[in-house]
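[1] Quick one, what's the 3D model for this:
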Amino acid sequence: MLLPGFIPRFDSPRTFLLTLLLLGSVWVCSTVPVLAAGTLTITCLDVGQGDATLIESPSGMTLLFDGGDNGKGSGVVVPYLQARGITSLDYMAASHYHADHIGGLDEVYAGIPVTGAVLDRGYSYTTLTYDSYANAVASQRQTWTSGQVIDLGEGVTVTCVALNGNGLEPAPFTNSGKENEYDVCLLVQYGGFDFFVAGDLTGGGLSYDDIESSVAPLSGDVDVYRVSHHGSASSSNANFLQASQAEVAVISVGSNSYGHPAQSVLDRLALYGSYVYQTEAGSGGTLPSTDLKVVGGHVVITTDGIQQYTVSGDAWTIDEPGASPVDVGVPGAAVLAGNYPNPFNPITTIVFELPVQQQVRLQVLDLRGRLVRTLLSGEDQPAGSNRTIWNGCDDAGRQVASGTYFYRLEAGSYRETKRMVLIK
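    Sure thing, here's the model as predicted:
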């Protein structure tokens, strides 16, 4: 029978036929394995306030997507490649032409040979950093096309799902004010595992054009989302997050003056069920530890493409939206973890953990201790982490006034009350 957790996906005639062959081998002889699974490794490198993603197929083939800012190629990426025993890259690619993404690519190119193509969105840009990159890779430079697939062997594919505004921006794509909108969007797939990365792709925030909403149905449901634009409010809109249903979100960020990652983006990621890993703390918002981990270094993802993947040592099950890390475990006692955002307007999420399945009462009270809203009235809730949303309304459905409110959790003999602030 099929291994637990393996969900066939027919993304192309080729994968459909391969799946039939694999399934047939299982039905004919149960001793034949479904997959001779190797390990796909994806490293979201800690290059500070920038992006660099290394993809290593179990075949040994590699693709580097972005190289961080100037100095990060020689200072971070090349030493990491050498430490991994990688003496050459099969492919190098650029998401777009901002310095914090391509600044290190010419340095990597000088230190690590590229045996295949160097792929980018084409056209040009007017900075010295771009000139250094373009001059260095000129002999191997190629332009992505929408739908193009790079086969990294052993079943690992990298698909360019969109670039240059996905048909929403006019050609030629040389408007320096639209560089983020022009981003190359990649979907990495291995068995049942999906990983999406797109540099600084925009979702309509901060006066940027919304390209994300058109990309969302192309990338679809993924396991891991490499968060665009370092968690900027310009990206990760509700349409994209709802479509992606990513269990894990990875933010590449460093100390910055932009307020990355934005609290509003972190709140949306948590609202749509994504657990967040950050390379560094950044200079923006945060979430409770039940929803965020600052790794303080490279975020390394590994998977066999069948049942599980790991993120910085935490084990996750493939294709279970809204799940939690497998090794987080069940708490030894009930805990009212907190709410986020706080202050909020008009929605906040209250997080609590239970050691066993049990009946829970969760109520919102005003400063005088009067009941405002009963969110849970004694229903059974599962063991582990639980989330309940309050929309700022009382039991009659009326919006309540701005101010301080309390929320109280009762679970068995456990009682705890915490404070939250509604602002309008």
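
[2] bridging residues for T417?
    R408 (DSSP bridges).

[3] which helices and strands does the host helix or strand of T129 pack with?
    Element membership for T129, per DSSP states H and E: helix 128-137. Identification of packing neighbours for helix 128-137 by 3 or more Cβ pairs under 8 Å, 6 or more residues apart in numbering; DSSP states H and E yields helix 99-102, helix 105-111. C-beta: built from backbone N, CA, C; applies to glycine.

[4] which residue of this protein sits farthest from its center?
    In the chain, the residue that sits farthest from the middle, by Cα atoms, centre = their mean, is R368; the gap is 41.9 Å.

[5] which SS state does it fall under?
    What DSSP: H, G, I helix; E, B strand; the rest coil gives for R368 is coil.

[6] Show me what the next helix or strand after the helix holding T129 is packed against.
    Following helix 128-137 in sequence order, the next helix or strand is strand 141-143 (DSSP H and E). Using 3+ Cβ pairs under 8 Å, 6+ apart, the elements in contact with strand 141-143 are strand 118-120.

[7] distance between the strand it packs on and the chain's centre?
    For strand 118-120, the distance from its own C-alpha centre to the chain's C-alpha centre is 23 Å (Cα atoms, centre = their mean, to the nearest Å).

[8] repeat for stretch 108-124
    Centre-to-centre, stretch 108-124 and its host chain are 25 Å apart (Cα atoms, centre = their mean).

[9] and that stretch, which residues are buried?
    Residues of stretch 108-124 classed as buried by neighbour count (16 or more other Cβ atoms under 10 Å): V108, Y109, I112, V114, G116, A117, V118, L119, D120, R121, G122.

[10] Can you name the residues that contact the fourth one?
    Applying Cβ atoms under 8 Å, 6 or more residues apart in numbering to V114 gives the contacts S88, L89, D90, Y91, M92, V137, Q140.

[11] Apply 6 Å and report the result again.
    Listed by Cβ atoms under 6 Å, 6 or more residues apart in numbering, the contact set of V114 reads L89, M92, Q140.

[12] Quickly list what the first one is bridged to.
    The bridge-partner assignment for L89, based on DSSP bridges, gives V114.

[13] Pull the contacting residues for it.
    When contacts are counted by Cβ under 6 Å, 6+ apart, L89 is found next to T62, L64, I112, V114.

[14] Show me which of these is closest to I251.
    Taking Cβ to Cβ as the measure, I251 sits nearest to L64 out of the contacts of L89, at 19.2 Å.

[15] mind checking the SS state of S236?
    coil.
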